[in-house]
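1. mind looking at a prediction? Sequence and model below.
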Amino acid sequence: MIRLNLLSEKEKEQIKKDMLAAEVANSVLAIFVVVVLIAIVFFFGQKYLNYRIENMAKYAPTTDENAVDEINKKMGQIIELQKDYLKWSVLLKDVIALVPENIKINSLELSKENKKIMLYGLAESRADYLKLEDNLRNSALVADIKSPVSNLLRRNNIDFSIEATMK
């Protein structure tokens, strides 16, 4: 394939200038379009953020005196409840740790109001039962132990009940 360029040098220069001008114009147009798109994104982004801020203002904390008084009242109630709180799991763990191996506890009652512990169970032998009583007496949990004499009448398989006062 043969190409013949029959244009004069002046015409060739003019075509190059026209092509360069067209490329510059296209570049400027592309940059303008990008800038316009970015401006649109920023504009709507600002509108959206303003909308979100207005909605957040509706739920902003209030310094209303009544609301503060209500919160203080509720906090006082919570503090009052926590004063009387007793960790039952810790107390149960401590009581169960005092029970010897050959004793089965059938029932355990704890009364916070009366400060009483009631144990009902079955001891394999009198020695096991006495060991339980000793453990309770020597513990830091119990102040006083009451048990019926019937707990000591049998030598083996003793159904027992013990009432203890918590410290």
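-> Done, it's in.
2. what residues does the helix or strand residue 131 falls within touch?
-> Secondary structure assignment for residue 131, by DSSP states H and E: helix 126-138. Outside helix 126-138, the residues that touch it by C-beta atoms under 8 Å, 6 or more residues apart in numbering are 98-103, 119, 123, 142, 145, 147, 151-152, 154-156, 158, 160, 162, 164. (Glycine included, C-beta is placed from N, CA and C.)
3. out of those residues, which end up buried?
-> Buried members of these, scored by 16 or more other C-beta atoms under 10 Å, are 98-99, 103, 119, 123, 142, 145, 147, 151, 158, 160, 162, 164.
4. elements contacting the longest helix along the chain?
-> In terms of residue count, the longest helix belonging to the chain (DSSP state H) is helix 9-58. The criterion is 3 or more C-beta pairs under 8 Å, 6 or more residues apart in numbering; DSSP states H and E, and there are no helices or strands that helix 9-58 contacts.
5. dump the helix or strand following it to CSV, restricted to CA.
-> Towards the C-terminus, the helix or strand next in line after helix 9-58, according to DSSP H and E, is helix 65-83. Provided in CSV are the C-alpha atoms of helix 65-83 (Å, rounded to 0.1, in the frame of the first residue of the first chain):
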residue,chain,number,x,y,z
GLU,A,65,-34.5,18.7,84.8
ASN,A,66,-37.3,16.2,85.0
ALA,A,67,-35.3,13.7,83.0
VAL,A,68,-32.3,14.1,85.2
ASP,A,69,-34.4,13.6,88.3
GLU,A,70,-36.0,10.5,86.8
ILE,A,71,-32.5,9.0,86.0
ASN,A,72,-31.3,9.9,89.5
LYS,A,73,-34.4,8.2,91.0
LYS,A,74,-33.8,5.0,89.0
MET,A,75,-30.1,5.0,89.9
GLY,A,76,-31.1,5.3,93.6
GLN,A,77,-33.4,2.3,93.2
ILE,A,78,-30.7,0.3,91.5
ILE,A,79,-28.2,1.1,94.3
GLU,A,80,-30.8,0.1,96.9
LEU,A,81,-31.4,-3.3,95.2
GLN,A,82,-27.7,-3.9,94.9
LYS,A,83,-27.1,-3.3,98.6
